[in-house]
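In: build me a model:
(one chain, ligands or ions: 1)
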Amino acid sequence: MMKQLYLKRDSKRGVEGTFNWLVDEVAELGEELKGCNREATEKEFADVIAWLASLANIMGIDLEKATADKYSYKCPKCQSLPCSCTF
Ligand SMILES: [Zn+2]
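Out: Residues are numbered from 1 along each chain as shown. Predicted coordinates:
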């Protein structure tokens, strides 16, 4: 969906510019987490994943596939569901 919506514009901005937007959105999410406005927090989560998808798209990475390949219902480190790693 993000590819259909924004790939042309995202491609013009480039990897560095899009990454910088992603970082800004993560910072905004961090600020929103300090508050108690659930609706605003949901929107910041949406912005973060949207910009992450945009960055993946301009790099030709299928974000959904990459995530499913690495985290296919098991922890990539301990291979368990749920994770049984000790931290
Ligand atoms: Zn684990």
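In: next, the buried residues of the longest helix along the chain.
Out: The helix that spans the most residues within the chain, counting by DSSP state H, is helix 2-33. Buried residues in helix 2-33, counted by 16 or more other Cβ atoms under 10 Å: 2, 6, 10, 13, 18-19, 21-22, 25, 29, 32. Where you see a C-beta, it was placed from the backbone N, CA and C, and this is true even at glycine.
In: which of these lies closest to the ion?
Out: For these, the residue nearest the ion by Cβ to the ion is Leu29; the value is 24.5 Å.
In: and the pLDDT for that closest one?
Out: On pLDDT, Leu29 comes in at 98.
In: nearest residue to it in space, please, no chain neighbours.
Out: Glu44 (4.1 Å; Cβ to Cβ, 6 or more residues apart in numbering).
In: can you tell if stretch 72-86 touches the ion?
Out: Yes - with Cβ under 5 Å from the ion as the criterion, the ion is reached by stretch 72-86 at 75, 77-78, 83, 85.
In: need the max-distance pair from the residues you listed.
Out: Farthest pair in these (Cβ to Cβ) is Lys77 and Cys83. Separation: 7.5 Å.
In: of these two, which one has the most company?
Out: Cys83 (14 against 9; other Cβ atoms under 10 Å).
In: which residues touch the nearest residue to the more buried one once chain neighbours are set aside?
Out: For Cys83, ignoring the flanking residues on the chain, the nearest one in space by Cβ to Cβ, 6+ apart is Cys75 at 3.8 Å. Taking Cβ atoms under 8 Å, 6 or more residues apart in numbering, we find Cys75 in contact with 81-85.
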